[in-house]
Every structure is written in structure tokens, then in C-alpha cells.
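**Q** could you work out the structure for the sequence below:
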Amino acid sequence: MAGTALAFTSMYLAAGALTPLLVVYREQWGFAPSLLTVAFAVYAIGFLAAALTLGSLSDHIGRRPVLIGALVVQFASNLIFLLAPEIGWVIAGRIVQGVASGAATAAFTAALVEHAPPHQKRLGPILGSVGLTGGLAVGSLLAGFAIELTSSANTIAFVVLSALTIVGGFAVAASRETIRRSPGALRSMIPNVAIPSAARAEFLAAAPAVAAVWMLAGLSGGLAPSMVHSVFHLDSGLLDGLAGFIAPAVSVIIGLSFARVRPRTAMSIGIWASIIGSLGIIGGATANSLVTMFIGQAIAGLGFGAAFTAALGLIISIVAAHQRAGVVAGIYVVSYVGLGLPVVLAGQLTDVLGVVPTVRWYGAVVVFLALLSLAAQHRLKLRTHQQSGKNDGLHELTNV
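**A** Numbers count the residues shown, from 1 in each chain. This next block holds a predicted model:
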């Protein structure tokens, strides 16, 4: 279990490390700001393509073949970043990195549950959550330290990450297979995005909030580190790394601590936090206050941890087991479109409007989506109360 957790975390440490390193690449190679956001966002393309086609493959051919294959692809992406001479290589490496993560995330999460001791099965999902979001946060922070303290941050980061990937690969190869092979591997590779009618209202109510919190994640990873230089005029790799660290770090803490909070309550808290966080980021950029922006990012991280966890709980809990894969795929589509597409559009807008006006418009869209979801959540609550009242009345009439 520890070896599997290490291998899983190494993938997201590498994804997080790119957050401050993209700023370094831009300083070295002098490409347009819009390409920086493209290099960040294409990860979502690789992830979605792999998750929708390979996400269920390990249920049929076994966990180990999928995990080892994904770690080989991850190792290849590390080499691309290590040897990259220009931004085109980095964009290609990000797509390859996204493919590795998309292919392996579901299999790693399942393997962690299956390797957990019988009396501690909850440890598996916890390690999965910490490995994913915590890996993004710690990867960004450690890369920021490397940028601040050395002149070879890229080399140091990806040599270390490559070594971790190799160690994780050996750990996975040495571990026991946890499931038996079953037919249907090719059929499982056909993308299946399906929202059954029973979950449609819940999905539509949560989708704007899911898109909003993932947009904020994209802002923290794709725009915030470069804003340290372009808006606040500070030349610090550590601050770049911190800009990518704050939101996911808070998110993983909230995701764990909100495990026992009722999903509907957690969703409302998450939506309001995303609104307040957006306003904080806008206020920080407008007032030229890095501290205010960091506070906004922290609140946005709270929103992500609360709202996304709640969305999964609210939607998945009301569908049958055989429908869950299609529903999760739908949530992933909304999430990674929200992560990637708006950041790319924002990168294009910065060339025309400038960074601060773009952040204002970006934040305004987040607030609008959050308010849409808030209104939809309110309608669902009213409908639930009305239905409950009808059922109570029918029960009393039946008793009479």
C-alpha cells in the first residue's frame, strides 16, 4: 500500500512541479503569455482522453499492467521535461503527463483501497485524495524552493521525480495483483458518459459549481504564478511555488475534514467559499496586494475541497452501481473542461486586455456559475422539502 501510494503521489508531484517551472521556461525562452496557459491546460486534454478510454481497463486486465504502463508513460513525460529545448516540447510533455494520470488515477485509487488492511479500508481513499491534491500542492512548493535556491531547478526536479517514478514502478511490480482478469476489456475502452434520469437534476445543479471550483484551480495553477511577476513585480521562485501550493493544500485539508459534513451543507459552504475566494483574488490583483490574492486562493481551495467532494457524494449516491462509471465520467468531463478551456481563453485575453482585467472577467464568470449552482441547490432543497411534506401527509392519511 505504501509503495502504491508513493507511485501515485509521484505522478501528481510532477504535475504540480510544472506550475512554477512554467514561469521559468517563459523567462528562458521568451514565448507569449498565452502559450504558458496552453502548456498548463493541455494536461486536461491528455487526462480526459485517457480517463474516458482507459479508466476502467484495470477492472478487466488487472491493476498492475495498467499502473506499470502508466508509470512508464509518466517516466517518458519526465524525460521530455528534462530535455525540453523549447515550449513545444513542454506542451507535448504535458499531454503525455495527462495521459499517464488519466489512465492510472482510477486504477491507483482502487488499488489503494484493495491493498489497505481489512480493518482500515477508509485509509485507501484518504491516501488517494492526499496523493492527488497534496501531490499537486507539494510539487509546486518544492519546485518553487528549487527555483529560489538553485540555478538548475528543472534538472533537479525531474531527476528526483524520475527516480521516484522508478521506485514506485518497482513497488507496483512487486505487489500482488488484487483482482482477477475478466472479459470486456475492449468494450470498457469505449467512452461512456451517461447521466441517468434519477441523477439528472442533481448533476445539473452541481455542474456549474464543479466547473467554477475547477476554474479556480486552473487560475491558481495556470495564471497565479505568472501574476507574481507580471502584476506584483516580484522575482521569486518561492512565491511562484507558493501561488500554486495554497489552493490545493487547503483543498486536501478541507476534503478530509469535511468527510462527515452533510453533502448538501458542504456544497453550500463550497459555493459561497468559491464566490468569496474569487472576489479575494480579484481584489488582490486590483489592489496590487499579493497577500489578499493568497487569502483569496486559500478560500477558493476551501471551496474546491467542500464543493467537489459534496458533488461526488450527492450524485453518485443516488445512482445504481452499474451506472456510476458513466456518471463519474460526466463529472470528469465538466471538471477538466473547467480546468483547461477557460485558462486557455484567459491566456489569449491577457495579450489583448492585460492580466488584471482578464482576472476580473475570469472571476466574474466563476461567481456567475457559483450563483447559478446556488440557485439550483435552493430549488432542490425546496423540492425535497415539498416531497417530504407530501409523503408525511400521505402517511398520516394512510394511518387514518
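
**Q** just give the nearest non-adjacent residue to residue 33, would you?
**A** residue 350 (5.1 Å; Cβ to Cβ, 6 or more residues apart in numbering). Placement of C-beta: from N, CA and C, glycine included.

**Q** which residues belonging to the helix or strand containing that neighbour are considered buried?
**A** Assigned by DSSP states H and E, residue 350 belongs to helix 324-353. In terms of neighbour count (16 or more other Cβ atoms under 10 Å), helix 324-353 has its buried residues at 325-347, 349-350.

**Q** count of residues packed around residue 257?
**A** A count of nearby residues for residue 257, using other Cβ atoms under 10 Å, gives 11.

**Q** phi first, then psi, for it.
**A** Main-chain torsions, residue 257, degrees, to the nearest 10: phi -70, psi -20.

**Q** distance of it from residue 11?
**A** Distance, residue 257 to residue 11, using Cβ to Cβ, to the nearest Å: 24 Å.

**Q** for residue 361, give me its contacts.
**A** 346, 349, 353 (Cβ atoms under 8 Å, 6 or more residues apart in numbering).

**Q** show me what stretch 331-339 is in contact with.
**A** With Cβ under 8 Å, 6+ apart as the test, stretch 331-339 has contacts from 41, 44, 47-48, 51-52, 193, 203, 207, 210-215, 217-218, 308, 311-312, 315.

**Q** recalculate using a threshold of 7 Å.
**A** 44, 47-48, 51, 193, 207, 210-211, 214-215, 217-218, 311-312, 315 (Cβ atoms under 7 Å, 6 or more residues apart in numbering).

**Q** can I get it in PDB, CA atoms only?
**A** Output in PDB follows, covering the C-alpha atoms of stretch 331-339 (Å, rounded to 0.1, in the frame of the first residue of the first chain):
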ATOM      1  CA  ILE A 331     -18.200  14.700 -13.700                       C
ATOM      2  CA  TYR A 332     -14.700  14.400 -15.000                       C
ATOM      3  CA  VAL A 333     -15.700  16.000 -18.300                       C
ATOM      4  CA  VAL A 334     -17.200  19.000 -16.500                       C
ATOM      5  CA  SER A 335     -14.200  19.200 -14.200                       C
ATOM      6  CA  TYR A 336     -11.400  19.100 -16.800                       C
ATOM      7  CA  VAL A 337     -13.200  21.300 -19.300                       C
ATOM      8  CA  GLY A 338     -13.500  23.800 -16.500                       C
ATOM      9  CA  LEU A 339      -9.800  23.400 -15.600                       C
END
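
**Q** quick one: which of the contacts of stretch 331-339 is nearest to residue 144?
**A** Using Cβ to Cβ, residue 217 is the member of these that lies nearest residue 144, at 17.5 Å.

**Q** that closest one contacts residue 247, doesn't it?
**A** Yes - proximity of residue 217 to residue 247 meets the contact threshold set by Cβ atoms under 7 Å, at 6.4 Å.

**Q** more neighbours, those two?
**A** Using other Cβ under 10 Å, the more surrounded residue of residue 217 and residue 247 is residue 247, with 32 against 25.

**Q** quick one: distance of the host helix or strand of that one to the chain centre.
**A** Following DSSP H and E, one finds residue 247 within helix 237-257. Per Cα atoms, centre = their mean, to the nearest Å, the displacement of helix 237-257 from the mean C-alpha position of its chain is 12 Å.

**Q** so who does residue 167 touch?
**A** Residues near residue 167 by Cβ under 7 Å, 6+ apart: residue 6.

**Q** fine by me, thanks again.
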